[in-house]
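Asker: Got a sequence here, can you build the structure:
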Amino acid sequence: MDFFKDIIKEIGDDYTKLASDVDDTERFVDTGSYIFNALVSGSIYGGISGDKITAIAGETSTGKTFFSLAVVKNFLEKHPDGGVMYFDTESAIKKNMLETRGIDLERFGHVQVVTIEQFRNRALKIVDKYLSLPEDDRKPMMFVLDSLGMLSTEKEIKDVLEDKQTRDMTKSQLVKGAFRMLTLKLGQANVPLIVTNHTYDVIGAYVPTKEMGGGSGLKYAASTIIYLSKAKEKDGTEIVGNIIKAKAVKSRLSRENRVAAIRLYYDERGLDRYYGLLELGESTGVIKKVGNRYEIDGKKVYAKEVYSNPEKYFTDDLMSRLDEAAQKEFTYGGGE
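Answerer: Residues are numbered from 1 along each chain as shown. You can find the predicted model right below:
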């Protein structure tokens, strides 16, 4: 097969190689929530893809922005030399909001974009600059687009200024084109992208159905699509966060249509790392529930006590068994 190797060598770039030389190591971004990690990757120690697109979709006020910022905070904490480029289409990001959530402002790039063309061009420019650096000089980086549904197009803006009452039929094609170009570049650079998007009710569906806006471009490009819905959580009379129901609508690494409950705080705590593990343990037989309490290490304790002092109860042995349970619960071939 020397002839084949010679062809590969003749092409002469870093991204053309024999399959035997391809690095197929799965890279993950820990989200800060063990149960959400399991939902999207099949392991409580996994997370969202480290070099692909993850879509976080939901109706208005379901916590998509806060959820994304919680993942950003955890990413920056895990990578003290890393940075985030946040493409903001809603003018929703304020310095105070970031400070309240404990996000390092010096490693958070805020990029305001109005049109799909602006997002595409600026994102590609940043990735190309990143790829031009020597590999050892590339620090961990993450992209966030919040949100796709609010992006306009240059044609749409021009039509409005000229008072034309016509719908821009090019928008879905521009979205497809942008993600087509970005998907490969992000994979080459090992840069993950979170895209938030709105959902809407499908009119005329036989059963109640949610659908993402923006056409099919993001659906095809994303390796993972999560739909969020929520219920507010109160501390006394004060609303302190959300209990979010996350559903894996599309996933490359885990079973689709699995659901997990996640706790999201509005302050610097962000995503509750341990919330949901008791429920996972109970449903898979790892942890026994007796009445309103859970039996852990021979002791019967209430969920509130466990989640208030998680490191005391979630020992290394228990976490190992919960990870095995997560693989069976959330991955194909893990066991029905």
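Asker: Following the chain past the helix ranked longest in the chain, name the next helix or strand.
Answerer: Across the chain, the longest stretch assigned as helix under DSSP state H is helix 171-189. Counting by DSSP states H and E, the next helix or strand C-terminal to helix 171-189 is strand 193-201.
Asker: after that following strand comes which helix or strand?
Answerer: Going down the chain from strand 193-201, the next helix or strand is strand 210-212, by DSSP H and E.
Asker: Do you have the strands of the stretch 201-336 of the chain handy? List them.
Answerer: According to DSSP state E, counting those that start in this stretch, the stretch 201-336 of the chain carries its strands in the segments 210-212, 224-235, 238-251, 259-265, 288-290, 293-296, 299-302.
Asker: Can you redo the ones you listed as TSV, where the extra columns are distance to Asp6 and mean pLDDT?
Answerer: Where you see a C-beta, it was placed from the backbone N, CA and C, and this is true even at glycine. What follows is those, written out as TSV (distance: least, CB to CB, whole Å; pLDDT from 0 to 100):
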stretch	distance to Asp6	mean pLDDT
strand 210-212	46	82
strand 224-235	39	79
strand 238-251	39	84
strand 259-265	50	93
strand 288-290	63	95
strand 293-296	61	96
strand 299-302	66	96
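Asker: out of the ones you listed, deepest packed?
Answerer: Most buried of the strands of the stretch 201-336 of the chain, by mean neighbour count (mean count of other CB atoms under 10 Å): strand 259-265, with a mean of 20.
Asker: What lies in contact with it?
Answerer: 33, 35-36, 38-39, 63, 66-67, 70, 233, 240-248, 270-272, 275-276, 279-280 (CB atoms under 8 Å, 6 or more residues apart in numbering).
Asker: Next, the angle strand 238-251 makes with that strand.
Answerer: 140 degrees (axes from the mean of the first three to the mean of the last three CA atoms, to 10 degrees).
Asker: distance between strand 259-265 and the chain's centre?
Answerer: Taking CA atoms, centre = their mean, to the nearest Å, one finds the center of strand 259-265 at 13 Å from the center of the full chain.
Asker: for stretch 89-108, same thing?
Answerer: 18 Å.
Asker: so Val195 makes contact with Thr54?
Answerer: Yes: with contact defined as CB atoms under 8 Å, Val195 reaches Thr54; the gap is 7.2 Å.
Asker: Just want to know which of those two has more residues nearby.
Answerer: Neighbours were counted for Val195 and for Thr54 using other CB atoms under 10 Å; Val195 has more, 28 against 25.
Asker: which ones are touching that one?
Answerer: By CB under 8 Å, 6+ apart, the neighbours of Val195 are 53-56, 144-148, 218, 222.
Asker: Just the residues you listed: which are in helices?
Answerer: Leu218.
Asker: Put the buried members of the contacts of Val195 into a PyMOL selection.
Answerer: A single PyMOL command suffices to select whichever of the contacts of Val195 are buried according to 16 or more other CB atoms under 10 Å:
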select buried, resi 53+54+55+56+144+145+146+147+148+218+222
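Asker: what's the farthest-apart pair in the contacts of Val195?
Answerer: Checked with CB to CB, the contacts of Val195 reach their widest spread between Asp146 and Ala222, with 14.7 Å between them.
Asker: how big is the angle separating the longest helix of the chain from strand 193-201?
Answerer: Helix 171-189 runs at 150 degrees relative to strand 193-201, counting by the same axes, to 10 degrees.
Asker: now helix 171-189: mean pLDDT?
Answerer: Averaged across helix 171-189, pLDDT comes to 93.
Asker: Buried ones in that helix, by neighbour count?
Answerer: Using 16+ other CB under 10 Å as the test for burial, helix 171-189 gives 171, 174-176, 178-179, 182-183, 185-187, 189.
Asker: show me where pLDDT drops low in this protein?
Answerer: Along the chain, the model assigns pLDDT under 70 to residues 1, 12-15, 167-168, 205, 207-208, 231-240, 334-336.
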